[in-house]
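Visitor: predicted structure and sequence below. I'll ask about it afterward.
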Number of protein chains: 2
Amino acid sequence: MTNKRKELKKVAIDAVQRSGLQNLSFRTLADQVGVKSSSVHYYFPEKADLAASLIESYTDSFVEMLNAIDKKQLSLSDTIDAFIKIFEDVVKAKKFCLCGMMAAEVAMLNDANRSLLSNYFKILENWLSVHFENHKDQIDSAYSPETLAQIVLSGLEGAILLDRVENGQVRLNAQRKLIKVLINNG
Amino acid sequence: MTNKRKELKKVAIDAVQRSGLQNLSFRTLADQVGVKSSSVHYYFPEKADLAASLIESYTDSFVEMLNAIDKKQLSLSDTIDAFIKIFEDVVKAKKFCLCGMMAAEVAMLNDANRSLLSNYFKILENWLSVHFENHKDQIDSAYSPETLAQIVLSGLEGAILLDRVENGQVRLNAQRKLIKVLINNG
DNA sequence: GTCTATATACAGATAGAC
DNA sequence: GTCTATCTGTATATAGAC
């Protein structure tokens, strides 16, 4: 992949995490990278192509972070803490999850991009689910690993969405507290 | 308030819940109500005025629903079920919470509208919090009423955001399960 | 690959007639 | 209150030169 293409994607992802895909134009994206909008169209013919590329890149980056966590062989508690920290970093950067943002904009996405979005959430839930399954003795027996994964992910997404409004992290901390209790009630 | 103004707000709220404020134009709004865009500007000079009016109306409607629930004098469990049902109805209508949607679009809002958004979330959390406080013996003692309210609201918002993508309600059901356990662990 | 130039559509907003 | 008409800016997208 060329450097310009990489740079465009990096800048675009940042922009979408701040103000959404709808608010990102080929012009402003081009300006930020120092090219013309027609050059952006060279890499991404239509906006849907750009969107697809962003979701894929964002998913790949996230998976890399998850692999890095796995490599450390931490306890379940520390593993989930590391997962939560990814969301905390997003809040601190005054951003929202790229896929959470696009989930809000789902009405404007085509079917292919909806599938890519769905895939992202399922990958995260699956990663959580596997960890819960592997330490089933440590999670609250009231929930299956799958259900707990859904609770954790949707809780974190909702928390950083609401916290954005006040530029704080009270809901994120509330979710952190919840998760802490849920994985020590085994 | 005039009928046209009321009608414009109703149509606009529905549109924002589906595709966001950014995607709502004076033109399309006018078309749906059968007037010209300049007439919409008569009622709402700037788009920020429209946004403010929508948040206020949506908040008022929600408070009315909460009051209706209170009037029934239900058990804590049934009260919270009724609260969850409001979110379920939103999912079933293939919509998202108007304020959750605008929270994603917060970068494009002015300070006044951010305050209105913040106010909405606090009203909902406060309502939940009061109910938890009034039945403190029925809630999991690991959480304060305030923290539990934050957990519940952010969890539900995140759930209906993610469920939108697949047009399902698995995360909503997961959150429902969680909440059921949390308010019977007293 | 990157550019200039342009087509076409639509956005928010306002002036002024009725 | 609602309209016509219009201004100005910006959006996505493409053709074609270099």
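Guide: Structure's in. What do you need?
Visitor: just give the number of residues close to A:A68.
Guide: With neighbours defined by other CB atoms under 10 Å in any protein chain shown, the count for A:A68 comes to 10. The C-beta positions use only the backbone N, C-alpha and C, and glycine is treated the same way.
Visitor: nope, A:H135 is what I meant
Guide: Neighbours of A:H135 under the rule other CB under 10 Å: 17.
Visitor: that one against A:D78, yeah?
Guide: No: A:H135 is not in contact with A:D78 according to CB atoms under 8 Å; the separation is 11.4 Å.
Visitor: how close does the residue nearest the centre of chain A sit to B:A104?
Guide: Closest residue to the average C-alpha location of chain A: A:C97 at 4.3 Å, with CA atoms, centre = their mean. Between A:C97 and B:A104 the computed distance is 10 Å (CB to CB, to the nearest Å).
Visitor: which elements pack onto the host helix or strand of A:S39?
Guide: Per DSSP states H and E: A:S39 is located in helix A:37-43. Under the contact criterion of 3 or more CB pairs under 8 Å, 6 or more residues apart in numbering or on different chains; DSSP states H and E, helix A:37-43 touches helix A:3-19, helix A:26-33.
Visitor: anything in the host helix or strand of A:E64 near DNA strand D?
Guide: According to DSSP H and E, A:E64 maps onto helix A:47-71. Yes: Helix A:47-71 comes into contact with DNA strand D (CB under 7 Å from any atom of the strand), by way of A:K47, A:A48.
Visitor: ok, back up a step: who's in contact with the residue nearest to the centre of chain A?
Guide: Applying CB atoms under 8 Å, 6 or more residues apart in numbering or on different chains, we find A:C97 in contact with A:Q17, A:F87, A:V90, A:E157, A:I160.
Visitor: what is the burial count for the residue nearest to the second one when sequence neighbours are not counted?
Guide: In other words, A:F87. Nearest residue to A:F87 in three dimensions, chain neighbours excluded: A:L156, at 4.8 Å (CB to CB, 6 or more residues apart in numbering or on different chains). Per other CB under 10 Å, the neighbour tally for A:L156 reads 29.
Visitor: kindly report the same for the one 10 residues further on.
Guide: When neighbours are counted by other CB under 10 Å, A:E166 registers 17.
Visitor: any idea how far it is from DNA strand D?
Guide: Using CB to the nearest atom of the strand, to the nearest Å, one gets 27 Å for the distance from A:E166 to DNA strand D.
Visitor: still on that earlier bit, can the helix holding A:S39 be found next to DNA strand D?
Guide: Yes: counting by CB under 7 Å from any atom of the strand, DNA strand D has neighbours in helix A:37-43: A:S37, A:S38, A:H41.
Visitor: and that helix with DNA strand C, contact?
Guide: Yes: contact of helix A:37-43 with DNA strand C (CB under 7 Å from any atom of the strand) involves A:S37, A:S38, A:S39, A:Y42, A:Y43.
Visitor: quick check: residues of chain A near DNA strand C?
Guide: So chain A meets DNA strand C at A:T2, A:K4, A:A30, A:G34, A:V35, A:K36, A:S37, A:S38, A:S39, A:Y42, A:Y43 (CB under 7 Å from any atom of the strand).
Visitor: one step back: who wins for most neighbours among the contacts of A:C97?
Guide: A:E157 (27 neighbours).
Visitor: now that one: closest residue in space that isn't a chain neighbour?
Guide: Closest to A:E157 by CB to CB, 6+ apart is B:G158, at 4.0 Å.
Visitor: hmm, B:A174 and A:T147 touching each other?
Guide: Yes: when contacts are counted by CB under 8 Å, A:T147 is listed as touching B:A174 (4.8 Å).
Visitor: show me which of those two is the more surrounded one.
Guide: Neighbour totals were compared for A:T147 and B:A174, and B:A174 leads with 26 against 20 (other CB under 10 Å).
Visitor: spit out the contact partners of whichever residue of chain A sits closest to chain B.
Guide: Going by CB to the nearest CB, chain B is nearest to A:G158 of chain A, at 2.5 Å. Neighbour list for A:G158: A:R171, B:G100, B:L153, B:S154, B:G155, B:L156, B:E157, B:G158, B:A159, B:L161 [criterion: CB under 8 Å, 6+ apart].
Visitor: count the neighbours of A:A112 for me.
Guide: A:A112: 13 neighbours (other CB under 10 Å).
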